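>>> Please find the sequence and the predicted model below.
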Amino acid sequence: MRSQIEGSRAVAETVARCRPEVICAYPISPQTHIVEALSRLVASGELAPCEFVNVESEFAAMSVAIGASATGARAYTATASQGLLYMTEALFNAAGLGLPIVMTVANRAIGAPINIWNDHSDAMSQRDSGWIQLYAESNQEAADLHVQAFRIAEELSLPVMVCMDGFVLTHAVEGVDVPSQEQVDTMLPPYRPRQVLDPDDPMTIGAMVGPDAFTEVRYLAHLRHREALTVIPRVADEFAREFWRSSGGLVRPYGCLGAETVVVALGSVLGTLKDTVDELRAEGLSIGVLGVTTFRPFPSKAVRAALRGARRVVVLERALAVGMGGIVSADVRGSVPEASITTVIAGLGGRPVTKASLRTMLTEAAADRLKPLTFLDLKDDVVERELRRTG
Amino acid sequence: MPAQRIKFYQTGSFAVGNRLLDPEQRSVQAGADRANSLTMGHRACQGCGEALGARYVLDAVMRAAGNRAVTVNATGCLEVFSTPYPESSWRVAWLHSLFGNAPAVATGVAAALKAKGRTDVRVVGQGGDGGTVDIGLACLSGMFERNDDVLYVCYDNGGYMNTGVQRSGATPHGAVTTTTPAGNSFGQGKSLPLIAMAHRIPYVATATVADLRDLESKVTKAMEYHGARYLHVLVPCPLGWRTASDETIRIARLATETGIFPVFEAVDGEVTEVTRIRRLRPVVDYLRPQGRFAHLFGETPRDDVIRRIQAEADRTVRVFGLTEPDEVS
């Protein structure tokens, strides 16, 4: 049933209907509302059986999830920013052990300087952790992606991160059709673990692997990730049939066919982008948008298919590879090496990405006047003053 | 499945046999159907105190748990020497995740079992002193504070032995390690049993591999409680302590007889039992046989360091009442 609801609350209710058996929680803005809502659902008995573990750090949160998942329980946690970085070691471990943990990342910048607002620096820093990364465009998609995430994770025995923009989505109240229990149960059968800590059938999990087999282990992990490129769209199709709405999948082309210019982006900025592009198209500009829902594994073929025919590609990034430029750009360039690609760094640390700025930038791009690496709305006076001051 | 017939015959020694005793009085290791949790073929050094301690601990856990236990292991010697892929010496359900998170992983296992209503399965976390008193301390303290249903066992050999004998927070004062070549000038080693007791958890105990019956009985007792329990086992390391591989038991016994390592139990944060020292020996008896303390007795003897270690042992003896006569009941 559609209701006006905060993004975090919609995600929490959806997660609860996915019947997690262990939830570990550590507070960090802008994620906290999600675990707060879940703690109430567990305390009230609405979500049962479920153990809600208040841990002492994000590193512990992911570690508790690892133990729970290896024991055959459906495990969930949520974090953001510094918290995601603090659990980095455990993230790689969860992926290496092939544990289907699902985690919400309420995307937020990383300090220093400390900044609690939205960008994608946190999740992008974990690009190579072995986690599947899905990016939500809206709160509806954020809720829906969690149902799909558990399915994908458990089918592949891989952990999945659902990334939703901090504050912009987590704290926004808007209309969301929260999946009902019956619908979720149809999509999500009980968790059947591939490996489990069972005293009646004891096995050693997490053994030391030396040079003789490590390459093979990593190669097999890579193959498993590539397999996700088949599973993710299949689950999205199944979801669409069950729920009568489209969420998830690999990529989301919007007016790409025949467009001279295509803007590639992830997350909530896609809404503003589409509005801007609608206006520019009405004014005669040949321009489309490609939303990347699945960032890891990177859907090169789908991106290539969507960008076929585009003369120029603008990749709008909400994170920065310092000393290089774009992060998503590198993957897009690898998928369409023949295209002219420019990188636009936008919305770092919560700076709003406005329609006006996008309009100016895209008009410049369509006229081939955009620099290969552009920082949207960069305050040149501040930069110049500081450069003068510090020599 | 994990219980198996032992593969070799043991005579009735004090250490492992006790075959001449009534069955109910025999040690776990003397049982013909002991779990043999950590079985043969592992790569521990000769005379490894940790391998011995871990085997006794886990076999006792398995007996107490009716062979239904899950073990979570921190990174370290014990993990490395027991699981070189594709081999494993573990006959228990065993999970290794990271160096600093074993207590939290064990919490996750316990939470999953609780959610699944598996009250029959018990959870053990274990690691060395580096993994416990240093890098894993936050996770361990969190596990204690929540009183999660986990028995955590620290095998303390006073250093990072797996990486080549570096100093840890449990390295005793004066000991030479590869990162304290002139002898450890810091404190006297973190006392995790006291830190554990400060959390008021149901059961804390210390033991050494010199008294394996005592170790078994403490594990058995720990398994009678639910909630967070902590066992700190002194396990000499021939490599790091520079002792002969056949000296492990003797050195561990000297640690208790000199008052260096107090053997006690605490329930709900209060000491309830101490193992008395029948004949208290000077700390030099413990220090002299160990290569890591050889510099204290070299050309320029470090009587100041020895006096400090003796003073610390005296304090331990006094605080725990280690030489007081047993109460007559």
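Cool, the structure landed.

>>> check contacts around the residue nearest to B:Asp156 when sequence neighbours are not counted.
Nearest in space to B:Asp156, with sequence neighbours left out and distances taken as CB to CB, 6 or more residues apart in numbering or on different chains, is B:Asp129 at 4.3 Å. Yep, even glycine has a C-beta here, placed from its N, CA and C like the rest. Contact analysis of B:Asp129 by CB atoms under 8 Å, 6 or more residues apart in numbering or on different chains lists B:Cys154, B:Tyr155, B:Asp156, B:Asn157, B:Gly158, B:Gly159, B:Ser168, B:Gly169, B:Ala170, B:Leu192.

>>> For ChimeraX, what selects the buried ones among those?
In ChimeraX syntax, the buried subset of those is picked out as below (16 or more other CB atoms under 10 Å in any protein chain shown):
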select /B:154,155,156,157,158,159,168,169,170,192
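
>>> got TSV for the contacts of B:Asp129, with secondary structure and pLDDT too?
Shown next, in TSV, are these (DSSP: H, G, I helix; E, B strand; the rest coil; pLDDT from 0 to 100):
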residue	secondary structure	pLDDT
B:Cys154	strand	98
B:Tyr155	strand	98
B:Asp156	strand	98
B:Asn157	coil	98
B:Gly158	coil	97
B:Gly159	coil	97
B:Ser168	coil	96
B:Gly169	coil	96
B:Ala170	coil	96
B:Leu192	helix	97
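
>>> Between the contacts of B:Asp129, which sits nearest A:Ile110?
Closest approach between these and A:Ile110, by CB to CB: B:Gly169, at 29.6 Å.

>>> Which single residue of chain A ends up nearest chain B?
Chain A approaches chain B most closely through A:Gly67 (2.4 Å), counting by CB to the nearest CB.

>>> Who are the contact partners of B:Arg281?
Contacts of B:Arg281 (CB under 8 Å, 6+ apart): B:Leu254, B:Glu257, B:Thr258.

>>> Mind giving me the ChimeraX select for those residues, buried ones only?
In ChimeraX syntax, the buried subset of those is picked out as below (16+ other CB under 10 Å):
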select /B:254,257,258
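
>>> Would you agree the residue of chain A closest to chain B falls within a helix?
Yes - under DSSP: H, G, I helix; E, B strand; the rest coil, A:Gly67 falls within a helix.

>>> Contacts only, for it.
Contact partners of A:Gly67, counting by CB under 8 Å, 6+ apart, are B:Val72, B:Leu95, B:Ser97, B:Ala104, B:Val105, B:Ala106, B:Thr107, B:Gly108, B:Val109, B:Ala110, B:Ala111, B:Ala112.

>>> Out of those residues, which comes closest to chain A?
Among the contacts of A:Gly67, B:Gly108 lies closest to chain A (CB to the nearest CB), at 2.4 Å.

>>> Remind me which helix or strand that closest one belongs to.
B:Gly108 is part of helix B:102-115, with elements assigned from DSSP states H and E.

>>> Tell me if that helix is near chain A.
Yes - legend: contact between helix B:102-115 and chain A by CB under 8 Å from any CB of the partner chain is shown at B:Ala104, B:Val105, B:Ala106, B:Thr107, B:Gly108, B:Val109, B:Ala110, B:Ala111, B:Ala112, B:Leu113, B:Lys114, B:Ala115.

>>> nearest spatial neighbour of residue 287, skipping sequence neighbours?
Since you didn't name a chain, this refers to chain A. That would be A:Thr261: by CB to CB, 6+ apart, it lies 4.5 Å from A:Ile287.

>>> nope, chain B
B:Phe293 (4.2 Å).

>>> Okay, helices next: where are they in the stretch 51-200 of chain B?
Shown for the stretch 51-200 of chain B, the helices assigned by DSSP state H, counting those that start in this stretch span residues B:77-82, B:102-115, B:129, B:137-146, B:192-198.

>>> mind checking how far the longest one is from the chain centre?
Here the centre of helix B:102-115 is set off from its chain's centre by 22 Å, with CA atoms, centre = their mean, to the nearest Å.

>>> Point me to the residue of the stretch 201-329 of chain B nearest chain A.
As assessed by CB to the nearest CB, chain A sits closest to B:Ala228 within the stretch 201-329 of chain B, at 13.2 Å.

>>> Let me see the contact set for that residue.
For B:Ala228, the contact set (CB under 8 Å, 6+ apart) comprises B:Met143, B:Phe144, B:Arg146, B:Asn147, B:Asp148, B:Asp149, B:Val150, B:Tyr152, B:His199, B:Ile201, B:Pro202.

>>> List buried members of these by neighbour count.
The buried subset of these - by 16+ other CB under 10 Å - is B:Met143, B:Phe144, B:Arg146, B:Asp148, B:Asp149, B:Val150, B:Tyr152, B:His199, B:Ile201, B:Pro202.
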